[in-house]
Each structure stands twice: as structure tokens, then as C-alpha cells.
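Participant: need a structure here:
(chains A and B)
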Amino acid sequence: DTGVSQNPRHKITKRGQNVTFRCDPISEHNRLYWYRQTLGQGPEFLTYFQNEAQLEKSRLLSDRFSAERPKGSFSTLEIQRTEQGDSAMYLCASSLWGLPNEKLFFGSGTQLSVL
Amino acid sequence: SQQGEEDPQALSIQEGENATMNCSYKTSINNLQWYRQNSGRGLVHLILIRSNEREKHSGRLRVTLDTSKKSSSLLITASRAADTASYFCATDAGGGSEKLVFGKGTKLTVNP
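Facilitator: Numbering: from 1, shown residues only, chains lettered A, B, ... in the order given. The predicted model follows:
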């Protein structure tokens, strides 16, 4: 069990550029979540997948954000035309849904800085 | 929107003392979880308590749940400097959503 892996760990980009983050969940986990966290705040839900199906997406998420989970394994989160307000830590988590006590396993996150 | 709210926002104690953090939430829940986050890292699951449980222990952690008051507390006994971290409660969002919603967290500092 190698845990949840996120790449890159840090990303610095200029406003208006597109960025893509990758998350590799724990291999047998069927659920994958994306959260965003700013300094001093708790993780804010963005979206989640069960296998390859995107089941819920935050209403706060603008259409510049898109996430995919092809084949129900790794996932990518893309932000188009980045804005300074997108600067945050993007966290990925996975879980094995169906157990009575579902808990999330988090990756170390991707820290995005938009200049 | 956030379902859980932790209290206090920050807590500073001496090594060996106990630390108590509280969480209040708004809607009915299936379970409540506590997570820990070291600075700049991802969250780590600590403990889960189901809505039909009142108290749960794990090592130096003790969690209580009062569904009538919609509140939970996390007690860390005999704290250590390594317990310094932010602690978050998380609940299901309610309304048929299965996502976990986190509070703003309590930042705990344990001074050696």
C-alpha cells in the first residue's frame, strides 16, 4: 500500500495559464475526492468520483475546473485560465466505499500559486 | 458551506496537559470523523464515531458525541510536542449527499 500520491507537489503558474494535477489513489479504492484548502481553513469539497463516474460537483466550482477519472483509477484536475484566487492547496483523497466506516485517505496535496 | 465548526480556533498547552477540542454541526449525521493535519501536509484520519455511539477511545484519544446537542469533542490526553497540528471534524453533508464536509479546524500547539 503506497498511499495516495499527488503530483506535482508544488506548481507556480502565471494568471491565465492552464494547470493540471494528477492523483493516484490507493489501488483498491473505488471513491476519489478532490478538495481545496486555503490557509487557515478546512478542506472545501470540490468533487468526487465512484469508479469512473463523477457523482457530485460543488456548486462553488466554476466551469474553469474540470476533473476526470478515466478507467476508475487515477484522476486529473484541470484548472483553465487560472486566477489569483485559485491559489490554494489541492487535496486528493480516496476511500473504499461500501464499508460501514468509510474513512478518507489523503495525499500530501498540490500547492498551487498563481502569480 | 461547512457542516462542522470547531472550537477553539487555536489552543496552546504545555506538554503533558490534556487538550480538548469541540465540534458542532447542523444537520443529522450518520457518523462524525476527526482528522489531523500537520502543516503543509494532507489529512490523516484519527477516529470515527457513529451516530448511535456516545463515546469512543483510541490510544490517547477520546471522542464523545452528543447528537441531541449536535456536538462532539476530541480529547487528547498527556499531550506531546508531536501532537502539534490542526485538527478537523468531518461529517456527511446531509440532504442525500455522501460527501464529507470539514470544519475550519482547531490549531493545537503543544509546547515542550
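
Participant: quick one: the residue most central in space within chain A from B:Ala85, how far?
Facilitator: By CA atoms, centre = their mean, the mean C-alpha position of chain A lies nearest to A:Trp34, the distance being 3.1 Å. A:Trp34 sits 22 Å away from B:Ala85, going by CB to CB, to the nearest Å. C-beta coordinates here come from the backbone N, C-alpha and C atoms, glycine included.

Participant: with A:Glu44 instead?
Facilitator: According to CB to CB, A:Glu44 stands 19 Å off from B:Ala85.

Participant: same check on B:Ser68?
Facilitator: B:Ser68 is 30 Å from B:Ala85, by CB to CB.

Participant: cool, and B:Thr109?
Facilitator: From B:Thr109 over to B:Ala85 the distance is 9 Å, taken as CB to CB.

Participant: next: A:Arg59.
Facilitator: A:Arg59 is 30 Å from B:Ala85, by CB to CB.

Participant: state the mean pLDDT of stretch B:84-98.
Facilitator: Stretch B:84-98 shows an average pLDDT of 84 in the prediction.

Participant: could you export the helix or strand hosting B:Ser12 as CSV, CA atoms only?
Facilitator: Using DSSP states H and E, B:Ser12 maps to strand B:10-14. Output of strand B:10-14 as CSV, limited to C-alpha atoms (Å, rounded to 0.1, in the frame of the first residue of the first chain):
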residue,chain,number,x,y,z
ALA,B,10,-6.4,27.8,18.4
LEU,B,11,-5.2,26.1,21.5
SER,B,12,-1.8,26.3,23.2
ILE,B,13,-0.8,24.0,26.0
GLN,B,14,2.2,22.5,27.7
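
Participant: quick one: strands adjacent to the helix or strand just after it?
Facilitator: Counting by DSSP H and E, the next helix or strand C-terminal to strand B:10-14 is strand B:19-24. When pairs are called by DSSP bridges, strand B:19-24 turns out to pair with strand B:5-7 (antiparallel), strand B:71-76 (antiparallel).

Participant: mean confidence (pLDDT) on strand B:19-24, please.
Facilitator: pLDDT averaged over strand B:19-24 gives 96.

Participant: what sits up against it?
Facilitator: B:4-8, B:11, B:13, B:32, B:34, B:69-76, B:79, B:83, B:87, B:89, B:103, B:106, B:108, B:110 (CB atoms under 8 Å, 6 or more residues apart in numbering or on different chains).

Participant: A:Arg59 and B:Ala85: which is more packed in?
Facilitator: B:Ala85 (20 against 6; other CB atoms under 10 Å in any protein chain shown).

Participant: how about the strands of chain B, start to end?
Facilitator: Ranges of strands in chain B, per DSSP state E, are B:5-7, B:10-14, B:19-24, B:31-37, B:43-50, B:55-58, B:61-66, B:71-76, B:85-94, B:97-102, B:106-111.

Participant: make a markdown table out of the ones you listed and add distance to A:Ser73.
Facilitator: Output for these, formatted as a markdown table (distance: least, CB to CB, whole Å):
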| stretch | distance to A:Ser73 |
| --- | --- |
| strand B:5-7 | 34 |
| strand B:10-14 | 39 |
| strand B:19-24 | 34 |
| strand B:31-37 | 25 |
| strand B:43-50 | 22 |
| strand B:55-58 | 31 |
| strand B:61-66 | 33 |
| strand B:71-76 | 34 |
| strand B:85-94 | 25 |
| strand B:97-102 | 21 |
| strand B:106-111 | 35 |
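
Participant: ok, which of those comes nearest A:Arg69?
Facilitator: strand B:97-102 (15.3 Å; CB to CB).

Participant: tell me what angle the closest one forms with strand B:43-50.
Facilitator: 120 degrees (axes from the mean of the first three to the mean of the last three CA atoms, to 10 degrees).

Participant: lovely, talk soon.
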